Structures are given as structure tokens and as C-alpha cells.
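1. Turn this into a model:
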Amino acid sequence: MRVALIHYWLINLRGGEKTLKAIADVFPGADIYTHVVDLELAARTFPGHKVTTTFIAKLPFAKSLYQNYLPLMPLALEQLDLRQYDLVISSESGPAKGVIVAPHATHICYCHSPMRYVWDMYHDYRLQGRVITRVAMAPLLHRLRMWDQVSAQRVDDYIANSNFVAGRIAKYYRRQATVIYPPVAVEEFSISNTSEDFYLSVGQLVAYKRPDLLVDAFNASGKQLTIIGEGELLPKLRKIAKPNVRLVGWQASDVVRDHYRRCRAVVLPGVEDFGIVPVEAMACGKPVIAFGYGGALETVIDGLTGVLFSGQTVHSLNEAVEKFEASSRQFDSIAIRKHSEKFSSELFRIQFKAHVDSAMSR
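-> As a prediction, this is how the structure comes out:
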């Protein structure tokens with residue numbers, strides 16, 4: 001059986017790429033197709049896999065401006081010749097599933113999310129853009145939205161990374177999806193009984209993750225907060241952050257693990273499709289304070305592995321921090337760690353392989 005893996009782009013090693021790596025481990029002989037690639041990252045992360053790019057990679061400054069070529073990506077995907085493959089697995093949160101496969105082939109899509117900027121977060125992205133961007137977005141994304149819905153019907157079988165995302169697949173694509181939680185390398189983390197006097201946030205500093213709310217809340221409370229991550233909001237956040245809020249930018253994995261182990265708790269103020277960060281924190285036995293919506297409802301158990309808050313406001317977030325501090329003795333690091341193991345990479349590989357075997361036998 002010949003297998004092809006389709007991923008939107010291979011520029012950074014984030015949650016989507018880590019999931020692709022776990023899928024590639026299940027299919028060590030699979031070929032990988034993507035729009036643009038960092039060759040060093042690909043060689044390090046996917047040794048032994050042939051990686052092929054679409055024509056997007058040949059366009060000017062593609063490795064840095066690839067998202068600007070979004071309107072061309074549907075065309076690029078449809079130019080890929082996948083006739084020789086029996087199984088095609090697309091990894092989707094940007095354009096990936098729109099490939100054309102052979103009549104005999106099975107196409108399985110592992111969906112991290114329908115494209116946010118096209119569907120549920122379209123108006124947020126549009127309002128954040130400059131006037132010329134807003135004017136251009138409307139007709140371009142109108143066409144892309146139609147293509148995305150039509151191409152969704154090319155997929156034989158959907159897997160969603162959470163029940164939250166499965167709901168969006170049902171809403172926008174009118175398709176049902178099996179939920180298999182993405183792989184988290186919990187084996188790389190260990191329980192820590194050390195808690196220093198600071199809270200921690202890890203992730204991209206982009207608007208939908210609400211790092212602005214985080215900074216505003218800790219500016220108001222005066223409690224110590226360390227934010228690890230980079231993104232378009234980093235310069236603005238550094239300007240408004242008070243001395244108790246440290247923005248340290250991107251950090252290597254060992255530094256992130258060290259911060260997980262030393263913090264009091266990890267704070268997530270945004271809406272996550274699934275959320276790997278809270279699971280990594282829990283793998284260190286650390287509680288998570290999270291906005292109670294989306295993927296957090298599937299990873300964080302209120303009162304057992306963390307505290308959920310109901311509104312994205314400074315008051316609600318700080319109230320949750322106070323609630324955590326008042327009840328911090330009730331959180332058992334061993335129980336928190338055990339809960340994180342439900343999202344392990346090994347379990348993902350077992351469930352994914354079983355699902356593919358079932359889909360291929362239908």
C-alpha cells in the first residue's frame with residue numbers, strides 16, 4: 001500500500017507538525033506533500049520520508065510570505081498527481097484536504113480545525129486588518145470559502161482533534177468526524193513538586209489566543225507572570241507589560257519544560273481547538289487555569305486538574321487565579337500527571353492506526 005501525507009506547510013514544529021510526525025511514524029514509508037518546507041526541519045523531523053512541495057514553494061519569498069499565497073493554494077493542491085497512492089491522509093487547518101486522489105484511494109483527513117480565517121474567526125481577522133486588507137479579504141475569502149466547502153466532500157473519512165472541532169466540521173462541512181486527540185509527548189515530562197512564585201503562559205502571541213487579556217489581568221493583580229512565545233503582538237505587549245510580567249520570547253524545549261516544572265500553574269486565556277500546552281503542563285503535575293470553552297473543556301477537569309473561568313475578562317481571570325490560590329492544596333500532582341497520560345503519543349498512534357485499518361476495510 002502506497003501512502004501520501006498532505007500537510008499545509010512545514011516551516012515550524014508546532015502542534016500540527018508534531019501530529020504529522022506521529023502519523024508519519026505509523027506509516028514510515030509514506031511520502032509527504034506540502035506547499036512550502038524548511039528543508040532542515042524536514043530532514044530532522046521526517047528522516048527517510050520524501051518531501052515534495054507544490055508550486056507555491058517556487059514563488060518569491062515563499063518561506064516567509066507563504067500565507068500571502070493562500071488564494072493560490074487550492075490550485076496548487078489540485079496540481080499534485082497522487083494517482084499512485086492507495087491511502088491519502090491530509091493534515092488540515094490550512095489548505096491541505098483539497099487534493100484530487102485516485103478513484104480506488106481512501107482519503108482520510110485529520111482536521112485540527114476548519115480554516116479559522118475563512119469560517120468562525122473570519123470577522124475577527126477582517127477587523128484586525130488594515131483598510132486595504134479588509135477590502136481584499138472579502139472577495140478572496142468568499143471564493144476560498146466555497147472551494148473549502150466543496151473540497152470537504154472529497155474526503156472519505158474525517159478525524160477531528162477534539163469534540164469542539166468535530167462540531168465545527170459538522171457545522172461548516174456537514175460531515176461527521178471521529179475524535180482522536182492529538183499526540184502529546186507526555187513521556188518527555190516528569191512530575192515536579194517545586195512551585196516558585198510565578199504563573200506561566202506558553203504559546204503564540206496572536207490575537208485569538210488573547211495574550212492581551214493575560215497581560216492586562218496580571219498588570220492589575222501584580223502577581224508574577226512569565227510569557228513564553230513570539231508573534232505579532234509581542235512588541236505591543238512589551239510596551240504595556242508592567243515589571244511583574246516578563247515576556248521572554250521564543251525558548252527552546254528544555255527551557256519550556258524547566259518553566260513548566262517551576263511555575264505555580266499555567267494560564268490559558270484564549271479559545272483552544274484542543275490545546276497541547278495544558279496537557280504538557282499537566283504532564284509535569286501542574287494545574288491549569290483556563291478559559292472554560294473549546295478544547296479546554298476536554299483537557300482540564302475543573303477542581304481536579306485546574307480551574308476553569310467563564311468569561312474572557314480581567315475580573316473573571318483574576319478571580320480564577322484567586323480561587324486557585326485559595327484551594328491550591330487540593331491539587332494532587334500525581335493525579336494531574338495521570339490524567340495527562342490519556343493524551344499520550346503512544347495512545348494516539350494506536351488509535352490512529354486502528355481507525356485507518358477500519359476505514360480501509362469498509
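2. Lys209 touches Gly270, doesn't it?
-> Yes - counting by C-beta atoms under 8 Å, Lys209 touches Gly270, with 3.7 Å between them. Every residue, glycine included, has its C-beta placed from N, CA and C.
3. Overlap of the contact sets of those two?
-> Gly203 (C-beta atoms under 8 Å, 6 or more residues apart in numbering).
4. pull the helix or strand with minimum mean pLDDT from the protein.
-> helix 122-128 (a mean of 73; mean pLDDT, DSSP states H and E).
5. which strands and helices sit next to that one?
-> helix 131-152 (3 or more C-beta pairs under 8 Å, 6 or more residues apart in numbering; DSSP states H and E).
6. what does the average pLDDT come to for the helix it packs on?
-> If you average the pLDDT over helix 131-152, you get 82.
7. Spit out the contact partners of Thr178.
-> When contacts are counted by C-beta under 8 Å, 6+ apart, Thr178 touches 157-160, 166, 355.
8. redo that, cut-off 7 Å
-> 159, 355 (C-beta atoms under 7 Å, 6 or more residues apart in numbering).
9. How about Tyr125?
-> So Tyr125 contacts Tyr117 (C-beta under 7 Å, 6+ apart).
10. That one and Ile11, how far apart?
-> Tyr125 sits 19 Å away from Ile11, going by C-beta to C-beta, to the nearest Å.
11. For the stretch 1-150 of the chain, give me the ranges with low pLDDT.
-> For the stretch 1-150 of the chain, the stretches with pLDDT under 70 are 129-135.
12. these two touch, right, Leu59 and Tyr69?
-> Yes - counting by C-beta atoms under 7 Å, Leu59 touches Tyr69, with 5.9 Å between them.
13. Among the two, which residue is more densely surrounded?
-> Taking other C-beta atoms under 10 Å, Leu59 and Tyr69 do not tie; Tyr69 has more neighbours (19 against 16).
14. Would you quantify the distance from the more buried one to Met146?
-> For Tyr69 relative to Met146 (C-beta to C-beta), the value is 19 Å.
15. again, but for Met115
-> Computed as C-beta to C-beta, the Met115 to Met146 distance reads 12 Å.
16. Can you check the distance spanned by stretch 195-205, start to finish?
-> Terminal residues of stretch 195-205 are spaced 25 Å apart (C-alpha to C-alpha, to the nearest Å).
17. List the contacts of it.
-> 209, 211, 214, 223-234, 237, 256, 259-260, 262-267, 277.
18. Now do the strands in the stretch 251-362 of the chain.
-> 266-268, 288-291, 306-309 (DSSP state E, counting those that start in this stretch).
19. model confidence over the shortest one, on average?
-> For strand 266-268, mean pLDDT is 98.
20. what packs against that strand?
-> Counting contacts by 3 or more C-beta pairs under 7 Å, 6 or more residues apart in numbering; DSSP states H and E, strand 266-268 packs against strand 199-202, helix 276-283, strand 288-291.
21. Can you give the contact residues for it?
-> Contacts to strand 266-268, defined as C-beta under 7 Å, 6+ apart, come from residues 199-202, 214, 275, 277-278, 281, 286, 288-291, 296.
22. Nearest to Gln79, out of these: which one, please.
-> Lowest distance from Gln79 to the contacts of strand 266-268 (C-beta to C-beta) belongs to Gly275, with 34.6 Å.
23. That closest one and Ser192: what is the separation?
-> For Gly275, the distance to Ser192 - C-beta to C-beta - is 20 Å.
24. Could you pull out the helices in the stretch 151-300 of the chain for me?
-> 163-173, 211-221, 234-240, 253-262, 276-283, 296-299 (DSSP state H, counting those that start in this stretch).
25. which one is Met73 nearest to, not counting chain neighbours?
-> Excluding the flanking residues, the one nearest Met73 by C-beta to C-beta, 6 or more residues apart in numbering is Pro95, at 4.0 Å.
26. Let me fix that, I meant to ask about Gly306.
-> Val288 (3.7 Å).
27. can you pull the pLDDT of the one you found?
-> For Val288, the predicted pLDDT is 98.
28. count of residues packed around it?
-> So Val288, with other C-beta under 10 Å, has 27 neighbours.
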